[in-house]
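Asker: Pasting the sequence and the predicted model now:
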Amino acid sequence: MQAEVFDGVLPNPTGPAPDPGGEAAQWYSVSKEGRMHRTTRRDFLAATLGAAAIAPFAGAQSKKRLATDWVTLGKSNVKVTRLAFGTGTMGGRVQRELGQEQFTRLVRHAYDNGVRFFETADTYGGMHDMLGIALKGIPRDTYRLMTKYRTPPPADDPAARLDTYRRQLNTEYIDIMLIHCVRPATWDTDYQRLQDSFSEAKHKKIIASHGASVHGLPALRKFPGNRWLDIAMIRMNHNGTRMDVDNAIEPRDPAILGNVEEVVAHTRKVHQQGMGVISMKLVGEGRFTYPEDREAALKHTMNLGCVDSVTIGFKNTAEIDEAIERMNRVMSA
C-alpha cells in the first residue's frame, strides 16, 4: 500500500508539543519521496517570508504586455489599444487603392483580432469616409477614433470642419483630435485659434482630448512644458528613418536620418509630464522591408517606457497578424 503523502507541515509526532513562540520549536515535513525532514520555526518563517517577498515580483514579471491591451494615454484618461490601425500610408494612397470592400475587410480583421484604435486625417484623401463606412454597425463604445486637422489651417471655421469630420466618420464624437504635422518652432502661437477651438469642442464633449503630431525638431522642442497638449504624436524607430531632423522642412532624401537620441529625450520628458504618447513611422514609412528592421524598430520603441501606443498602416491581413505577433514577442523578450 502506498504511503500517504503530506505536502504541509506536521507537529513532531514523537516529542513534546512544540512551543509556538520558541526558536527551538520544530516541525516535520514529509517529502513526496516519503522522507521526513525536521524544520525549526526560524527556518520555516524565513522560507515563508522569503516566498511572500518574491511573489509580487514574480507576478509582475509574468504579466505580459500585449498589442491589444487597452492603455491609458497619460492624463487625458482616454483608453486605446496599444496597437492602432493607421490609414495614412503614403498619404493614404496605399489604403485608398484597396477599394472600399477590401479596406472594410481589413478594418474588420483588425477589429476582430483586438485592434480597436483607428487613426486617420483629413489630408488622407477620402479616408474619413472610407473608415466611417468600414466601421458602420460596430458599437461605437468598443473602438477609439483619432483624426488630424490640416496645417496651415484653412480660413474657415474650425468648429464647422469638426462637424464635417464627424459626419464623414459616422460618429457623434472623436476621441482624439490632433493638429496635424506641426513644423515651425512657433506652432504653439501660430495655431492658437485651432487650440482655442479644440478646447471649446472638448468642453462640449465633441472631442475627448486634443494634441498635435510633430514633424521636425524645432516644433518638438516646444512640446515639453506645453500645458495644452493632452496627446503628443511623435515619430519613432531604432535608426532615425523618416524621423525628426533639425529643420522645419522635411528632407526629401530618405538617407537623411533623424536624431533618435534627441527625439527620445523629448519623448521621455513629455511622457513624464503626463502627456499620452503615440508613435508613428514604426516601419520607416514602408522602408523597413526586411523583417529584422521591423523587429528592431518595434523592440526599440515598445521598450522605451515612454510610448503608450503606436500606429502602423496596413495593406493586408498578414501585416496585421505580423504586427500583433511581433509586438507581443518584443515586449515579452
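Answerer: Happy to help now that I have it.
Asker: ok, Phe117 touching Tyr143?
Answerer: Yes: in this structure, Phe117 sits in contact with Tyr143. The criterion is C-beta atoms under 8 Å, and the distance is 7.0 Å. C-beta coordinates here come from the backbone N, C-alpha and C atoms, glycine included.
Asker: looking at this structure, which helix or strand is least sure?
Answerer: For the chain, scoring each helix and strand by mean pLDDT, DSSP states H and E identifies strand 9-11 as the least confident one, at a mean of 35.
Asker: follow-up on the earlier one: neighbour-wise, which of Phe117 and Tyr143 wins?
Answerer: Relative neighbour count places Phe117 above the other of Phe117 and Tyr143, with 28 against 20, counting by other C-beta atoms under 10 Å.
Asker: Where does Gly286 fall, secondary structure wise?
Answerer: Assignment of secondary structure by DSSP states H and E places Gly286 within no helix or strand.
Asker: quick one: it from Lys315, how far?
Answerer: With distances defined as C-beta to C-beta, to the nearest Å, the gap from Gly286 to Lys315 amounts to 9 Å.
Asker: What of Leu220?
Answerer: Taking C-beta to C-beta as the measure, Leu220 falls 29 Å from Lys315.
Asker: more neighbours, those two?
Answerer: Neighbours per residue, other C-beta under 10 Å: of Leu220 and Lys315, the larger number sits with Leu220, 27 against 16.
Asker: The more buried one and Val263 touch, don't they?
Answerer: Yes: in this structure Leu220 lies within contact range of Val263 using C-beta under 8 Å: 6.8 Å.
Asker: For Phe288, which non-adjacent residue is closest in space?
Answerer: With sequence-adjacent residues excluded and distances taken as C-beta to C-beta, 6 or more residues apart in numbering, Phe288 is closest to Arg294, at 4.8 Å.
Asker: Can you show me the helices along the stretch 101-250 of the chain?
Answerer: Listed in chain order, the helices found in the stretch 101-250 of the chain under DSSP state H, counting those that start in this stretch are 127-135, 158-169, 187-190, 192-203, 217-220.
Asker: Tell me which other helices or strands the second one touches.
Answerer: When you say that, I think you mean helix 158-169. Helix 158-169 is packed against helix 127-135, strand 144-149, helix 192-203, with contacts defined by 3 or more C-beta pairs under 8 Å, 6 or more residues apart in numbering; DSSP states H and E.
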